[in-house]
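# Sequence and predicted structure are below.
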Amino acid sequence: MPYENLPYAAEAEAPLSTEELNVLRRQHDREAPEVTTQTKFNFAWGLIRSRRKTDHQLGVGLLTEIYKETPDRRRECLYYLALGYYKLSEYSKAREYNSQLLAHEPNNLQALSLKQLIEDGVSSEGKTGFLIVGGVVALGAILYTTYVSAKKSG
């Protein structure tokens, strides 16, 4: 597991139980349509910590609303936006938000740990892309060789 050496990033893979998330969801739903910023943040925090991508997307959406609508809450949104985008494998956005946080708090251990996870994700994604391109090139070479062989035979 990539989090073993990054204790401050453990939250990235420590989901809330379904029961805990449902408590936050019920509170959010009870306040609708006038949900307080704190309730919205708490629910988004729980969604980001979920194992489901759809929850991550909803959590990022709620945090983005808070980030845009409540300037005095932006700093506390930065880490969870970065974490949410990391969990969605949107590494450039994750890096952007995490970099903003580190610009204000260069010694923030959570953000420093998350930075390493993001870089590892980018590296892994790059390796996967390289393997896909390599596979396409190899397939093309095989098809070309088969085509040339068939032309010579026929």
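Arrived safely. Treat the numbers as computed from the prediction; the structure is a model and nothing was measured. Numbers count the residues shown, from 1 in each chain.
# If you rank every helix and strand of this protein by mean pLDDT, what lands last?
Here the helix or strand of the chain ranked lowest by mean pLDDT, DSSP states H and E is helix 109-153, holding a mean of 71.
# which outside residues touch the strand or helix carrying Lys68?
Counting by DSSP states H and E, the element that carries Lys68 is helix 53-69. Contact with helix 53-69 is made by 21, 37, 40-41, 43-48, 50, 73-74, 77-78, 80-81, 84-85, 87-88, as judged by Cβ atoms under 8 Å, 6 or more residues apart in numbering. Using the backbone N, CA and C atoms, a C-beta is placed for each residue, glycine as well.
# Low-confidence stretches in this protein?
1-12, 125-145, 147-148, 154 (pLDDT under 70).
# make it 50
1-7, 127-131 (pLDDT under 50).
# separation between the residue most central in space within the chain and Glu34?
The centroid of the chain falls nearest to Tyr86 when counting by Cα atoms, centre = their mean (2.2 Å). According to Cβ to Cβ, to the nearest Å, Tyr86 and Glu34 sit 31 Å apart.
# got the buried residues for stretch 84-97?
Residues 84-88, 90-91, 93-95, 97 are the ones in stretch 84-97 that count as buried (16 or more other Cβ atoms under 10 Å).
# distance of Asp120 from Arg73?
From Asp120 over to Arg73 the distance is 29 Å, taken as Cβ to Cβ.
# what's the answer for Lys53, then?
Separation of Lys53 from Arg73 (Cβ to Cβ): 25 Å.
# Who has more neighbours out of the two?
Neighbour count, other Cβ atoms under 10 Å: between Lys53 and Arg73, Arg73 has more, with 15 against 11.
# Around the spatially closest residue to the more buried one that is not a sequence neighbour, count how many other residues there are.
Of all residues not flanking Arg73 in the chain, Ile66 sits nearest, at 5.4 Å (Cβ to Cβ, 6 or more residues apart in numbering). Number of residues near Ile66 (other Cβ under 10 Å) recorded here: 20.
# Check Tyr79 too.
When neighbours are defined as other Cβ under 10 Å, Tyr79 has 23 of them.
# quick one, what contacts Lys115?
If a contact means Cβ under 8 Å, 6+ apart, then Lys115 has 95, 98, 102 as its contacts.
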